[in-house]
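Participant: Sequence first, then the predicted structure, then my questions.
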Amino acid sequence: MSADIFEELHDEKTPPNYSWFNGKDWVSSTSGKFTSVISPIDHSIVGTVPIVTQDEIDASIKQAHLAQKAWQEKTLVDRGKILKLAADWMREHELYLTSLLVREIGKPVDEAKDEILRSADMIDYFGHEALHMTGEQIPSDAFPGYDKHKISIIERVPLGVILAIAPFNYPVNLAVSKLAPALVTGNSIIFKPPTSGAISGLHLTQIFRKAGVPDGVLTTVTGGGSEIGDYLVSHPGINMITFTGSSQVGQTAATKAGMIPLLFECGGNNPAIVIADCNPGTTAQEIVKGAFSFAGQRCTAIKYVLGLKPELDRILPMVVKITQETIHMGDPRSPETKSVGPLITESAAQEIEARIRMAEKMGAKIELGGVRQGNYLEPTILSAVTSDMEIVKIESFGPVVSFIEVKDMEEAIAIINSSTYGLQAAIYTCDEGTGLKIAEKLDVGTVWINSKPQRGPDHFPFLGIKGSGVGMQGIKYSLEAMTRLKPVILNKPE
Ligand code: NAP
C-alpha cells in the first residue's frame, strides 16, 4: 500500500510508526508512547500511533483558536474550494484508502469503497449547501408595542474550536460528517480519530491539509480514548463537541463537557415491526440487509423484529433462507465475503456470544449461526426471544438479530418505547396509513416504513433521542449546529 501524498505520515519501518498532526507538521509525541492499531483480519499490526500528551493538547487548542480567527475571515467560496479539492483527493486515492480501511477495521471491500466515495460526495454536498446559508433581518414592528426603529441583523457565525471524536465503524465517513461542516463554516478542529481507524483518520487529515486547510485549523490528536478522552472533552478551550460512539462513552463525555453545545450520536438498538399486510419478500430482504451489513456493526442495524405469531411464522423462515443464500462470512478482503467479516475485537465477539448463550438458557432458540471462532461470529438469528433478555436490552454490536413475538401492536410499541435507546425503527406494511399511525407513537429519532433503518441519504435529518444522542445532523442541520446566530440590533434614528 503506498500513495505519494501520504508518505510523510509515517516512518519507513514495518509496521510503520505514524506521527500525529500538530496542525502544521507531522510529528512524534514527546510522550514517546505509542498505541498499536491491530487489524481484526489477521491481528497483524497495521501501524502504531503516538499517544499525545496533555501539554501537546493544550498547545494545539491554543493554536487552533489563533488560526480560527483568520480562517473565519476567509470567504465562504474560498473555504468551499478547499473542501472541493479534498473531495477530489479522496476520489483520486479511493483504492488506497479503501484497502487501508479494509485492513484497519475489517470492513468488506464493497462496503469500504462505499464509505470512501460516499464521504467524498458528502464533502462536496457540504460545500454546496454552505453557499446557501444566509442570515436574516427582523424588523421590530413585528411584535406588538414596538415601532419600526429597531432592526435585528442576524448573522451565522462559527463556534470557535470544535472537538470531533469519531467511532471505529465509520472512521472516515463519520469523521468527514464532522470535519467538513466545521471547516466550511469557519471553525477550527481538534480531531480525535478512534484507535481502530486512527490511521485512516490520519490519511483523511493529510487530504484536508493537501487541499489547503491552513496551519492550525485542523489538528489530529491520537491516543486511546481512555488515555486522552477525558482531558479533551473537559478542556476549557473547546467550544463544542461533536461525538459519535457508544452510549456509555457518550453519556460520560457529555457529563464532563459542561455548558457547551453538544452534537452526539450514540448507540442504537433498532427494532423492526412486521405487520400482517407487509410484502413478505421486501420485508425479509430489508431485515437481512439491516441486520447483517458490516457484520451488524452499524448504529442503525436492525437488532430485533417484533410481530404477531402468524407474521413471524411467515417472515422468519424467509429471513433465514435469504441470509443463508446471500450473506457469506469470511475474510473481508475476499470478493466472496458478503457483509460479515470479523468483529473489531475478539472481546466484542465474546461479549455477544455470551449474550446469545444466556438467551438460549432463558428459552431463546437459535435458528441460524450462533457459533464464534476468534473474532468471527456467524450471522445469527434467534427466535422465541423476550424483551427482558440482554441480547435485545443492550446494543449487541455484531451480526445478531432476535425475533420477539408480541400479542398486539400496543405491546410492540411499549417494548420499543421502554428502551433506553431511541435511534431508529422500521415498520413493514403495505398500508401507509397504518405505518404512519404506528410511527407517530414510537419514541425514536427516525422511523422508516418499508426500508431498513440507515443513516443516509446524508441530507436527511439524522438524530437519536434518549441514550442514542443529542442534537441534529444531516448536511444542512450539521452546518446549523456548528454555527450560532448572532443578532446585532440597530436602533435607527427617529
Ligand atoms: P466508543 O468505544 O464509544 O468510542 C468512540 C470514540 O470515543 C472513539 O474515538 C474512542 O477512542 C473515543 N473515546 C473512548 N473513551 C473516551 C473518553 N473517555 N472520552 C472521549 N472519547 C473517548 O465507540 P466505538 O466502539 O468506536 O463505536 C461503536 C459505537 O458507536 C456503537 O455503540 C454504535 O452504535 C455507535 N455509533 C453510533 C452512530 C450514530 O450515528 N448514532 C454511528 C456510528 C456508531 P478510542 O477508539 O481510542 O477508544
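Facilitator: Perfect, thanks for sending it.

Participant: in the stretch 351-494 of the chain, which spans are strands?
Facilitator: Secondary structure of the stretch 351-494 of the chain by DSSP state E, counting those that start in this stretch: the strands cover 365-368, 372-373, 376-377, 380-383, 400-405, 424-428, 446-449, 469-470, 483-491.

Participant: my read is Ile57 is in a helix, agree?
Facilitator: Yes - checked against DSSP: H, G, I helix; E, B strand; the rest coil, Ile57 lies within a helix.

Participant: residues contacting Met482?
Facilitator: Met482 is in contact with 158-159, 162, 181-182, 185, 187, 240, 242, 263, counting by Cβ atoms under 8 Å, 6 or more residues apart in numbering. Any C-beta I mention is one placed from the backbone N, CA and C, and that applies to glycine too.

Participant: quick one: which of those has the most company?
Facilitator: Within those, most neighbours by other Cβ atoms under 10 Å means Pro181, with 32 neighbours.

Participant: Distance-wise, check that residue relative to the ligand.
Facilitator: According to Cβ to the nearest ligand atom, to the nearest Å, Pro181 and the ligand sit 15 Å apart.

Participant: Helix or strand: which one has Asp124?
Facilitator: Using DSSP states H and E, Asp124 maps to helix 109-130.

Participant: Mean neighbour count added to the strands of the stretch 351-494 of the chain, as TSV?
Facilitator: Output for the strands of the stretch 351-494 of the chain, formatted as TSV (neighbours: other Cβ atoms under 10 Å):
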stretch	mean neighbour count
strand 365-368	17
strand 372-373	15
strand 376-377	24
strand 380-383	24
strand 400-405	25
strand 424-428	28
strand 446-449	20
strand 469-470	23
strand 483-491	13
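
Participant: quick one: which of the ones you listed is nearest Gly224?
Facilitator: Nearest of these to Gly224, taken as Cβ to Cβ: strand 469-470 at 22.5 Å.

Participant: distance between the closest one and the chain's centre?
Facilitator: In this view, strand 469-470 has its centroid 12 Å away from the chain centroid, taken as Cα atoms, centre = their mean, to the nearest Å.

Participant: Contacts for that strand next, please.
Facilitator: Under Cβ under 8 Å, 6+ apart, the answer for strand 469-470 is 250, 254, 262-266, 423, 445, 463-464.

Participant: Pull up the pairing partners for it, direction included.
Facilitator: Neighbouring strands of strand 469-470 in its sheet, by DSSP bridges, are strand 262-265 (antiparallel).

Participant: Mind checking the pLDDT average for the partner strand?
Facilitator: Averaging pLDDT along strand 262-265 gives 98.

Participant: Kindly report the same for stretch 60-75.
Facilitator: 98.

Participant: picking up where we left off before, let me have the contacts of Met482 in a markdown table, adding distance to Ile381 and secondary structure as columns.
Facilitator: Output for the contacts of Met482, formatted as a markdown table (distance: Cβ to Cβ, whole Å; DSSP: H, G, I helix; E, B strand; the rest coil):
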| residue | distance to Ile381 | secondary structure |
| --- | --- | --- |
| Pro158 | 48 | strand |
| Leu159 | 45 | coil |
| Ile162 | 41 | strand |
| Pro181 | 38 | helix |
| Ala182 | 41 | helix |
| Thr185 | 44 | coil |
| Asn187 | 45 | coil |
| Met240 | 41 | strand |
| Thr242 | 35 | strand |
| Leu263 | 35 | strand |
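
Participant: could you dump those to a markdown table with distance to Tyr376?
Facilitator: Listed next are those as a markdown table, based on distance: Cβ to Cβ, whole Å:
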| residue | distance to Tyr376 |
| --- | --- |
| Pro158 | 45 |
| Leu159 | 43 |
| Ile162 | 37 |
| Pro181 | 36 |
| Ala182 | 37 |
| Thr185 | 42 |
| Asn187 | 41 |
| Met240 | 39 |
| Thr242 | 32 |
| Leu263 | 34 |
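
Participant: Just flag the most distant two among the residues you listed.
Facilitator: Top of the distance list for the contacts of Met482 (Cβ to Cβ): Pro158 and Leu263, 14.1 Å.

Participant: buried sites along the helix holding Asp124?
Facilitator: Using 16 or more other Cβ atoms under 10 Å as the test for burial, helix 109-130 gives 109, 111-127, 129-130.

Participant: Need the pLDDT of the nearest residue to Ala253 once chain neighbours are set aside.
Facilitator: Residue nearest to Ala253 in three dimensions, not counting chain neighbours: Val233, with 4.5 Å by Cβ to Cβ, 6 or more residues apart in numbering. In this model, Val233 is scored at 98, pLDDT.

Participant: again, but for the one 10 residues further on
Facilitator: pLDDT for Phe243: 98.

Participant: Could you verify that it is part of a strand?
Facilitator: Yes - assignment of Phe243 by three-state DSSP places it within a strand.

Participant: That one pairs with what?
Facilitator: Assigned bridge partners for Phe243, using DSSP bridges, are Ile165, Phe264.

Participant: wouldn't it be in contact with Phe264 here?
Facilitator: Yes - counting by Cβ atoms under 8 Å, Phe243 touches Phe264, with 4.9 Å between them.

Participant: what about the two, which has more around it?
Facilitator: Set side by side, Phe243 and Phe264 show more neighbours around Phe243, with 27 against 24, by other Cβ under 10 Å.

Participant: How much space separates Glu336 from Ile327?
Facilitator: Distance, Glu336 to Ile327, using Cβ to Cβ, to the nearest Å: 11 Å.

Participant: more neighbours, those two?
Facilitator: Each of Glu336 and Ile327 has its neighbours counted (other Cβ under 10 Å); Ile327 has more, 22 against 10.

Participant: these two touch, right, the more buried one and Lys338?
Facilitator: Yes - contact between Ile327 and Lys338 holds when scored by Cβ under 8 Å: they sit 5.5 Å apart.

Participant: Output the set of residues of the stretch 101-250 of the chain in proximity to the ligand.
Facilitator: Counting by Cβ under 6 Å from any ligand atom, the residues of the stretch 101-250 of the chain close to the ligand are 165-170, 174, 192, 194-195, 224-226, 229-230, 233, 244-246, 249.

Participant: Mind checking which of those land in strands?
Facilitator: 165, 192, 244 (DSSP state E).

Participant: what would those residues look like in JSON lines with distance to Phe294?
Facilitator: Formatted as JSON lines, those follow (distance: Cβ to Cβ, whole Å):
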{"residue": "Ile165", "distance to Phe294": "20"}
{"residue": "Lys192", "distance to Phe294": "22"}
{"residue": "Thr244", "distance to Phe294": "15"}
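
Participant: Could you give the bridge partners of the nearest residue to Lys309 once chain neighbours are set aside?
Facilitator: Excluding the flanking residues, the one nearest Lys309 by Cβ to Cβ, 6+ apart is Glu405, at 5.5 Å. Per DSSP bridges, the residues bridged to Glu405 are Gly307.

Participant: Tell me where the chain is predicted with low confidence.
Facilitator: For the chain, applying pLDDT under 70 flags the ranges 1-3.

Participant: Ile449 reaches Gly435, doesn't it?
Facilitator: Yes - proximity of Ile449 to Gly435 meets the contact threshold set by Cβ under 8 Å, at 4.1 Å.

Participant: shared neighbours of the two, anything?
Facilitator: Both Ile449 and Gly435 are in contact with 427, 429, where contact means Cβ under 8 Å, 6+ apart.

Participant: in the stretch 1-150 of the chain, which spans are strands?
Facilitator: 20-21, 26-27, 34-38, 45-50, 136-139, 150-158.

Participant: Tell me which of those is the most buried.
Facilitator: Comparing the strands of the stretch 1-150 of the chain by mean neighbour count (mean count of other Cβ atoms under 10 Å), strand 20-21 comes out on top with a mean of 24.

Participant: So that one, near the ligand or not?
Facilitator: No - shown here: strand 20-21 not in contact with the ligand (Cβ under 6 Å from any ligand atom), separated by at least 12.8 Å.
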